[in-house]
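> please work out how this folds:
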Amino acid sequence: MTTAIENRQNPTPSYIDKKRFAWLFSVAGPAVSLVGTVAVSGFDVSSWILFFPLVFFYFFVPLLDFLIGEDTSNPPESSIETLEADAYYRWITYATIPVLWVAVIFNCIFLCTYNLTALEWLATVISTGSVLGFGLNVSHELGHKLQTLPRKIALFNTALGAYGHFSIEHNRGHHRHVSTPEDPASSKMGENIYQFACREMPGAALRAWRLEADRLLRQNKSVWHFENEILQALCLTALVYGSLISLYGFDMVIVLIPVAIWGAFQLTSANYVEHYGIQRLKTAHGNYENCLPHHSWNSNHLVSNLVLFQLQRHSDHHAHPGRSYQSLRDFPELPRLPSGYFGMFFLAYLPPLWFRVMDPLLIKTLQGDTSRINFLPSAKNRLIEKFGLVAPN
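The predicted structure is shown next:
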């Protein structure tokens, strides 16, 4: 009786998300790309400020990740339902979308109307394309929701980067085949990011088209039916890009193409980092084992996770794709990246450094079990010999 009275007087405290307002950094992140272009166009600041977004994301964020370190805390399972039902977290993702569109369109117009050196132009193209990478991350978060509204917002948001096939390919293709040799969006050990891009980009687009065509065929509809979601997004891309080109002429074409390519390459970079060299085993029935947290590389680095809607807790995401960013958890003994995504992207762009860091880490993480390593076929024998591994049966 006494215990019951004490429990009523001292109930278990409800969970408080200490990062609740820090998630707003994910809204502010894409706006960093505007710092240089607004400063130059509106305040006559030196054009060197155009390099600030690149320095911020590829130097300061990895440095802060290193200095501040990782956050391995998890929300208690008893609080997940409440976290998922809290509309605040969803509205943060919605609030990011106008920031993305304003940043990309403003910067593209800036690139067409200002006389820049080649380096200044390239820096602005890269920082603008990086905003499209943020956009695909938002679409990734919203595209996994069951409700129609967030899924449609995710679809049409991908139109900004002319990448309208993403949601279809990712949800129905990548999540099914992840960490298998059959998946064009899972990188192989010994494969550099540029080889991977040549396989992943066309492979993902073709798989998305086949998946959407099959869906429409099951409904007895033509692949060219207006319900084709790839075509829906493409129409919006044509409207936005066509309007910009009609206003600014061929100069806008020269801008939009590299910006869109770099935006797509940001998704490629994420895919490359997230599953490098990890392979799911086949069961006795010839099917792949279910995707579990240890089939993806994970990162708990605090700063970059706050800027990326915790995309870097990718292990839990693939095991539980319906979970929203605020509910994703860490687990013990996961494959762990040595830095957040911004640091890992930079490393990936320099393949010798990437292989030097990640190949030994992959082998250590998988305890040298070659049956769990997704090798690039042409590099398999060389890597087995180099690291003294035992070839799989």
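
> stretch 270-281: how far from the chain's middle?
13 Å (Cα atoms, centre = their mean, to the nearest Å).

> one more: stretch 172-180?
Worked out by Cα atoms, centre = their mean, stretch 172-180 lies 15 Å from the chain centre.

> now the terminal residues of it, how far apart.
End-to-end distance for stretch 172-180, by Cα to Cα, to the nearest Å: 15 Å.

> what lies in contact with that stretch?
For stretch 172-180, the surrounding residues in contact (Cβ atoms under 8 Å, 6 or more residues apart in numbering) are 183, 185-186, 204, 207-208, 211, 271, 275, 278-280, 288, 291, 295-296, 318, 321, 374. For every residue, glycine as well, the C-beta is placed using N, CA and C.

> quick one: low-confidence parts of the stretch 1-150 of the chain?
For the stretch 1-150 of the chain, the stretches flagged by pLDDT under 70 are 1-13.

> and the helices in it?
Counting by DSSP state H, counting those that start in this stretch, the stretch 1-150 of the chain has helices at residues 2-9, 25-28, 34-43, 52-55, 61-68, 80-85, 87-113, 118-143, 148-157.

> deepest-packed of these, please.
Greatest average neighbour count among those goes to helix 118-143 (a mean of 23), per mean count of other Cβ atoms under 10 Å.

> so how far is that helix from its chain's centroid?
Distance of helix 118-143 from the chain centroid (Cα atoms, centre = their mean) equals 11 Å.

> what residues does stretch 35-53 touch?
By Cβ under 8 Å, 6+ apart, the residues outside stretch 35-53 that reach it are 32-33, 106-107, 110, 114, 116-117, 120, 123-124, 127, 130.

> about what we covered before: any chance of the helices of the stretch 1-150 of the chain in JSON lines, with distance to residue 361 too?
Formatted as JSON lines, the helices of the stretch 1-150 of the chain follow (distance: least, Cβ to Cβ, whole Å):
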{"stretch": "helix 2-9", "distance to residue 361": "47"}
{"stretch": "helix 25-28", "distance to residue 361": "27"}
{"stretch": "helix 34-43", "distance to residue 361": "34"}
{"stretch": "helix 52-55", "distance to residue 361": "26"}
{"stretch": "helix 61-68", "distance to residue 361": "16"}
{"stretch": "helix 80-85", "distance to residue 361": "31"}
{"stretch": "helix 87-113", "distance to residue 361": "32"}
{"stretch": "helix 118-143", "distance to residue 361": "24"}
{"stretch": "helix 148-157", "distance to residue 361": "33"}
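
> generate a PyMOL selection restricted to the buried entries among the contacts of stretch 172-180.
With 16 or more other Cβ atoms under 10 Å as the burial test, the buried ones among the contacts of stretch 172-180 are selected in PyMOL as follows:
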select buried, resi 183+185+186+204+207+208+211+271+275+278+279+280+288+291+295+296+318+374
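
> sorry, back to before: what's the farthest-apart pair in the contacts of stretch 35-53?
Spatially, the most separated pair among these is 32 and 117, at 21.2 Å (Cβ to Cβ).

> neighbour-wise, which of these two wins?
residue 32 (21 against 10; other Cβ atoms under 10 Å).

> not counting residues beside it along the chain, what's closest to that one?
residue 53 (5.1 Å; Cβ to Cβ, 6 or more residues apart in numbering).

> give me phi/psi at the closest residue to residue 283 other than its chain neighbours?
Nearest in space to residue 283, with sequence neighbours left out and distances taken as Cβ to Cβ, 6+ apart, is residue 289 at 5.9 Å. Residue 289 adopts backbone torsions of phi -60, psi 160, taken as degrees, to the nearest 10.

> repeat that for residue 368.
With angles defined as degrees, to the nearest 10, residue 368 sits at phi 70, psi 10.

> check contacts around it.
Counted by Cβ under 8 Å, 6+ apart, residue 368 has contacts 387, 389-390.

> between these, identify the one with the most neighbours.
Going by other Cβ under 10 Å, residue 389 tops the contacts of residue 368 with 17 neighbours.

> so that residue, which state does it fall into?
Counting by DSSP: H, G, I helix; E, B strand; the rest coil, the backbone at residue 389 sits in coil.
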